[in-house]
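Novice: I'll drop the sequence and a predicted model, then ask my questions.
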Amino acid sequence: MTVTGQEITDYVDRVRAALADLPPTLRDELTEDLPEHLAEVAAEADGTLVDRLGTPEAYAAELRAAAGAGEGQRPARFHRLAEVREQAVTQLRLMDRQLGPVLGHETVSDFLRPLRPAWWLVRGWLAALLVAAMTDGQVGLVPRLGTNTSAGLLVLIGAVVASVWWGHRSAGLAGWPRRLHHLGTAALLLFSVAVLAEVDQRAGGGNPADYEQVAVDRRYDRIEDVFVYDQQGRLIRDAQLFDQNGVPIRLGWPNCLDSSGAVPAPRNAYPYCPESAPFGPAVPPAPAPTRTDMPASTASATPTATPTPGPGVSTESQAPTPTPTS
């Protein structure tokens, strides 16, 4: 099996950790040419470095003996921390080998190694999202600087390029730079969990149980219900409230019982208790007057048809009789 640069770096780190009780100058002198030496040993024949040279701790003991350096007087708590760290590393390496066959490889590291370029791209994207979140406090799938999407895309491109560049050069890191590299990676992974949680919350916005109350002034803390009226003073049922970003606003808490005798669940639809509305329904407008409601004078002014005399009836008999005057 070919020894990779990552394995050489891990071996050097463990050797330096075993020599941590020595003065920094002496430790650096003993391990100065160690990476080149390990690369030469790896190129000579197949097999892991542990198979060829023994464990890093045993190799460190040989370096210590060759330099005539005894055990340093480190505090006991540092020795315990070193032991805990060594046990944790041993367990991780054991799991690495045990889970490797499940993925079709000798170790999990062998499975993940070809995926590093994809991780470099994801790392750049997460870094751009982190910059956008620190700039304007909003988290989304696309980085934005305020309301400027173009600037966010430029940050995304720059972060991806920088991540790929750093990925090609991070394999040779050792000591504190390597620890800082791992710390930054862990921070980005934690941030990715926060991004996924935010996206999941927005995707589940249709579920009333997932609504959360937005930050409002303290004077709204005592609100129990919300009643919305239109311009005619009529109560609007199932009204929904949203902020400027389209996030549902939940205010109050139901304090009544529904038809089943249970308290309604909080939801983004108001009012919870329509029967508790502070104002009654609007008075309906008066109906428009009809012809039957017209004044009598108007009705009397309406012309009526004069009956037509029938056959055999003289028109003179239909004429009005004049009233004598004095």
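Specialist: All right, it came through fine. Worth saying up front: this structure is predicted, and the values here are computed from it rather than measured. Numbers count the residues shown, from 1 in each chain.
Novice: all helices for the stretch 101-250 of the chain, in order.
Specialist: Remark: helices of the stretch 101-250 of the chain, listed N- to C-terminal, are 108-112, 116-136, 149-169, 176-203; assignment by DSSP state H, counting those that start in this stretch.
Novice: packing partners for the second one?
Specialist: Contact partners of helix 116-136 among helices and strands, from 3 or more Cβ pairs under 8 Å, 6 or more residues apart in numbering; DSSP states H and E: helix 149-169, helix 176-203. In this view, the C-beta of every residue, glycine as well, is placed from N, C-alpha and C.
Novice: next one: the first one
Specialist: The contact analysis (3+ Cβ pairs under 8 Å, 6+ apart) places helix 108-112 against helix 76-99.
Novice: 10 Å instead?
Specialist: Applying 3 or more Cβ pairs under 10 Å, 6 or more residues apart in numbering; DSSP states H and E, we find helix 108-112 packed against helix 5-18, helix 76-99.
Novice: pull the distance from that helix to the chain's centre.
Specialist: How far helix 108-112 lies from its chain's middle: 29 Å, per Cα atoms, centre = their mean, to the nearest Å.
Novice: going by neighbour count, list what's buried in that helix.
Specialist: 108, 109, 111 (16 or more other Cβ atoms under 10 Å).
Novice: follow-up on the earlier one: Throw the helices of the stretch 101-250 of the chain into JSON lines and include distance to residue 261 and mean pLDDT, thanks.
Specialist: Listed next are the helices of the stretch 101-250 of the chain as JSON lines, based on distance: least, Cβ to Cβ, whole Å; pLDDT from 0 to 100:
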{"stretch": "helix 108-112", "distance to residue 261": "56", "mean pLDDT": "86"}
{"stretch": "helix 116-136", "distance to residue 261": "46", "mean pLDDT": "89"}
{"stretch": "helix 149-169", "distance to residue 261": "51", "mean pLDDT": "89"}
{"stretch": "helix 176-203", "distance to residue 261": "32", "mean pLDDT": "83"}
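Novice: residue 277 is nearest to which of those?
Specialist: Among the helices of the stretch 101-250 of the chain, the nearest to residue 277 by Cβ to Cβ is helix 176-203 (31.8 Å).
Novice: now residue 275, nearest residue through space, not along the chain?
Specialist: Once its chain neighbours are removed from consideration, residue 275 has its nearest residue in residue 256; the separation is 7.1 Å (Cβ to Cβ, 6 or more residues apart in numbering).
Novice: actually, residue 255.
Specialist: Leaving out its chain neighbours, the residue that sits closest to residue 255 by Cβ to Cβ, 6+ apart is residue 224, at 5.2 Å.
Novice: residue contacts, the one you found?
Specialist: Listed by Cβ atoms under 10 Å, 6 or more residues apart in numbering, the contact set of residue 224 reads 251, 252, 253, 254, 255, 256, 271, 272, 273, 276.
Novice: tell me the domain ranges of the chain?
Specialist: The record's domain split for the chain, according to automatic domain parsing, is 5-99, 116-203, 207-283.
Novice: any idea which of these scores lowest on pLDDT?
Specialist: Averaging pLDDT over each of these singles out domain 207-283 as the lowest, with a mean of 73.
Novice: give me the number of residues near residue 223?
Specialist: When counting by other Cβ atoms under 10 Å, one arrives at 11 neighbours for residue 223.
Novice: same deal with residue 251?
Specialist: Counted with other Cβ under 10 Å, residues neighbouring residue 251 total 18.
Novice: again, but for residue 268
Specialist: When neighbours are counted by other Cβ under 10 Å, residue 268 comes out with 19.
Novice: what's the answer for residue 238, then?
Specialist: The local packing of residue 238 (other Cβ under 10 Å) involves 11 other residues.
Novice: OK, contacts around the nearest residue to it once chain neighbours are set aside?
Specialist: Spatially, and ignoring its direct neighbours in sequence, residue 238 is nearest to residue 269 (4.5 Å; Cβ to Cβ, 6+ apart). With contact set as Cβ under 10 Å, 6+ apart, residue 269 has these partners: 208, 226, 237, 238, 239, 240, 241, 248.
Novice: just flag the most distant two among those.
Specialist: Using Cβ to Cβ, the two most remote members of these are 237 and 248, lying 17.1 Å apart.
Novice: more neighbours: which of the two?
Specialist: Shown here are residue 237 and residue 248; by other Cβ under 10 Å, residue 248 has more neighbours (19 against 12).
Novice: distance of the more buried one from residue 147?
Specialist: Taking Cβ to Cβ, to the nearest Å as the criterion, residue 248 is separated from residue 147 by 21 Å.
Novice: would you agree residue 264 is in contact with residue 254?
Specialist: Yes. Taking Cβ atoms under 10 Å as the contact criterion, residue 264 and residue 254 are neighbours in contact, 4.4 Å apart.
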